[in-house]
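Colleague: show me how the following folds:
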Amino acid sequence: MNLLPRVRRSIQIALITLCLMFCLFAGAMPTNSQVQQEKKPEKQDEQQTATIRVDTDLVSIDVTVTESKSARSITGLKADDFVVYEDGVRQKISNFSTTGAFNLVLLIDTSGSTQDQVALMRRAARRFLDELRPEDRIAVIEFNQHVELLEDLTADRAKLEKAIGTLKPGSGTSFYDALQLTIEEVLKPVEGRKAVIALTDGVDSYGFGTFDQIMPWIEKAGASLYFLELDTEAFTEAGMMRDCRDNTRFEFSQKQLKKYLHEYAEGADPSDYQSHCRISMMERMQINRRLYESARRELREMASKSGGRVYPVKQLQQLEPAYAQIAADLRTQYSLGYYPTNDKHDGKWRVLRVEVKRSGLVAHTRPGYRAPKD
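Modeller: Numbers count the residues shown, from 1 in each chain. Okay, here's the model as predicted:
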């Protein structure tokens with residue numbers, strides 16, 4: 001019997017079966033393009049997650065509401081009483097609170113112009129602590145030519161009392177260095193409501209910081225700046241006008257003279273301002289007045305940009321009522337939060353406007369904020 005045809009047919013059947021099995025198996029295996037296609041949605045999901053994370057940048061603002069006629073602070077309002085606009089676009093309020101501890105920094109100028117009143121300053125600062133809530137955390141920073149953090153943020157009143165008791169007078173004023181330490185080192189690492197209460201005349205004379213350098217930090221800090229503006233101009237002017245043979249005379253620092261030349265005497269020969277004693281009496285008076293003029297303007301701009309206020313203090317006896325008013329403002333603030341419809345991280349300034357639906361009431365807050373920049 002010839003078996004060759006049967007063997008050939010068996011081989012053919014086996015080959016066909018193997019081919020069919022290979023095709024089925026190959027069809028079940030993903031190709032390189034299929035693998036890439038399957039990975040793409042995963043990457044898209046990651047991108048979508050990142051986008052959602054960017055979209056949830058909460059903007060928090062503190063708002064004080066007063067009567068338009070009496071300026072009396074108003075309490076008892078609800079979220080529905082407020083309307084928030086960013087660059088003219090209405091935003092949806094998602095967070096609302098009338099409570100919450102503050103992180104406060106007491107910034108105290110103990111330079112030469114205040115050296116005879118340090119005891120009064122200590123007493124006013126201690127009274128201010130009594131006006132605050134037990135859960136509020138406070139830091140104390142003293143500055144003259146040097147800047148010193150006497151006590152970091154704490155709710156321990158005994159520690160704060162002790163820190164205030166160590167205040168001592170010095171010479172010179174490193175005001176902007178003190179603000180930089182306050183914003184970058186003390187307040188930046190913490191979350192929640194923040195405010196700076198600075199007792200100073202605002203006339204900077206030493207250190208490295210300047211007004212132009214500090215403003216971007218203030219815009220991003222999310223802290224309200226309150227200034228108790230001391231009136232020391234006449235005292236300083238008298239010291240500047242003394243004869244150069246008088247060891248009790250005051251002298252302009254090189255930083256102050258550079259500021260004066262830049263802002264008020266552009267084109268003047270800087271060599272004429274290298275020595276205080278080579279400057280005439282009349283020009284010393286002019287320089288002193290201009291420096292105080294700049295300081296007042298800068299204090300008001302910083303307060304306005306941060307949603308705070310300036311309280312002029314003609315005499316240090318007025319410190320306690322001024323501190324009490326600031327404490328009352330802080331106790332009656334509303335905290336509003338929203339997720340901006342403009343989710344761009346472009347570093348641009350965004351204009352804020354808050355309105356109260358009830359007639360006769362006015363909302364006070366910072367005029368805007370600087371968007372983050374990627």
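Colleague: Asn247 should be in a strand, yeah?
Modeller: No. According to DSSP: H, G, I helix; E, B strand; the rest coil, Asn247 belongs to no strand; its state is coil.
Colleague: read off the pLDDT value for it.
Modeller: On the pLDDT scale, Asn247 is placed at 93.
Colleague: neighbours of it, how many?
Modeller: The local packing of Asn247 (other C-beta atoms under 10 Å) involves 6 other residues. (C-beta placed from N, C-alpha, C; glycine too.)
Colleague: how about it, phi and psi?
Modeller: phi -70, psi -10 (degrees, to the nearest 10).
Colleague: repeat that for Asn95.
Modeller: According to degrees, to the nearest 10, Asn95 has phi -120, psi 140.
Colleague: can I assume it is in contact with Leu336?
Modeller: Yes. Using C-beta atoms under 8 Å, Asn95 makes contact with Leu336 at a distance of 6.9 Å.
Colleague: those two: who's more crowded?
Modeller: Leu336 (23 against 13).
Colleague: wait, Gly170 sits on His146?
Modeller: Yes. The criterion here is C-beta under 8 Å, and Gly170 meets it with His146 at 6.6 Å.
Colleague: between the two, who's got more neighbours?
Modeller: With neighbours defined as other C-beta under 10 Å, Gly170 and His146 compare such that Gly170 has more, 18 against 15.
Colleague: quick check: which element contains that one?
Modeller: When elements are assigned from DSSP states H and E, Gly170 belongs to no helix and no strand.
Colleague: kindly report the same for Leu150.
Modeller: Going by DSSP H and E, Leu150 is part of strand 147-154.
Colleague: quick one: strands adjacent to that strand?
Modeller: Paired neighbours of strand 147-154 in the sheet (DSSP bridges): strand 137-143 (antiparallel).
Colleague: identify all contacting residues around the strand it pairs with.
Modeller: 101-111, 125, 129, 132, 147-155, 160, 163-164, 166-168, 173-175, 177-178, 181-182, 186 (C-beta atoms under 8 Å, 6 or more residues apart in numbering).
Colleague: now, which of those lie within strands?
Modeller: 102-109, 147-154 (DSSP state E).
Colleague: can you pick the most crowded of those residues?
Modeller: Leu104 (28 neighbours).
Colleague: can you name the element that comes right after the host helix or strand of Arg289?
Modeller: Element membership of Arg289, judged by DSSP H and E, is helix 281-306. Proceeding N to C from helix 281-306, the next assigned helix or strand is strand 310-313, under DSSP H and E.
Colleague: now the strand holding Leu150: mean pLDDT?
Modeller: 98.
Colleague: before we move on, what about stretch 330-342?
Modeller: Here the average pLDDT along stretch 330-342 is 93.
Colleague: quick one: contacts of it?
Modeller: With C-beta under 8 Å, 6+ apart, stretch 330-342 has contacts from 55-65, 73-75, 77, 79, 82, 84, 86-87, 89, 91-98, 100, 102, 104, 132-133, 193, 195, 350, 354, 371.
Colleague: give the buried subset of these as a ChimeraX selection command.
Modeller: Of the contacts of stretch 330-342, the buried ones can be selected in ChimeraX as follows, counting by 16 or more other C-beta atoms under 10 Å:
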select :59,60,61,62,63,64,65,73,74,77,82,84,86,91,93,96,102,104,132,193,195,350,354,371
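Colleague: hmm, back to that, what is in contact with Asn95 and Leu336 at once?
Modeller: Residues touching both Asn95 and Leu336 (C-beta under 8 Å, 6+ apart) are Ser60.
Colleague: in the protein, what helix or strand scores lowest on average pLDDT?
Modeller: Averaged element by element with mean pLDDT, DSSP states H and E, the chain has its least confident helix or strand at helix 32-55 (a mean of 36).
Colleague: off-centre distance for the helix or strand following it?
Modeller: Counting by DSSP H and E, the next helix or strand C-terminal to helix 32-55 is strand 59-67. Chain-centre distance of strand 59-67: 16 Å, with C-alpha atoms, centre = their mean, to the nearest Å.
Colleague: how big is the angle separating strand 59-67 from strand 102-109?
Modeller: If you take axes from the mean of the first three to the mean of the last three C-alpha atoms, to 10 degrees, strand 59-67 sits at 80 degrees to strand 102-109.
Colleague: got a list of what the residue most central in space within the chain touches?
Modeller: In the chain, the C-alpha nearest the mean C-alpha coordinate belongs to Ala221, at 1.8 Å (C-alpha atoms, centre = their mean). Counting by C-beta under 8 Å, 6+ apart, Ala221 touches 183, 187-188, 194, 306.
Colleague: do that again at 10 Å, thanks
Modeller: 179, 182-184, 187-188, 194, 196, 214, 305-306, 369-370 (C-beta atoms under 10 Å, 6 or more residues apart in numbering).
Colleague: dump those into JSON lines; add distance to Ser253 and neighbour count as well.
Modeller: Converted to JSON lines, the contacts of Ala221 look like this (distance: C-beta to C-beta, whole Å; neighbours: other C-beta atoms under 10 Å):
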{"residue": "Leu179", "distance to Ser253": "18", "neighbour count": "29"}
{"residue": "Thr182", "distance to Ser253": "22", "neighbour count": "27"}
{"residue": "Ile183", "distance to Ser253": "23", "neighbour count": "21"}
{"residue": "Glu184", "distance to Ser253": "23", "neighbour count": "13"}
{"residue": "Leu187", "distance to Ser253": "28", "neighbour count": "22"}
{"residue": "Lys188", "distance to Ser253": "28", "neighbour count": "14"}
{"residue": "Lys194", "distance to Ser253": "31", "neighbour count": "24"}
{"residue": "Val196", "distance to Ser253": "24", "neighbour count": "28"}
{"residue": "Ile214", "distance to Ser253": "18", "neighbour count": "22"}
{"residue": "Lys305", "distance to Ser253": "26", "neighbour count": "19"}
{"residue": "Ser306", "distance to Ser253": "27", "neighbour count": "24"}
{"residue": "Tyr369", "distance to Ser253": "34", "neighbour count": "22"}
{"residue": "Arg370", "distance to Ser253": "31", "neighbour count": "17"}
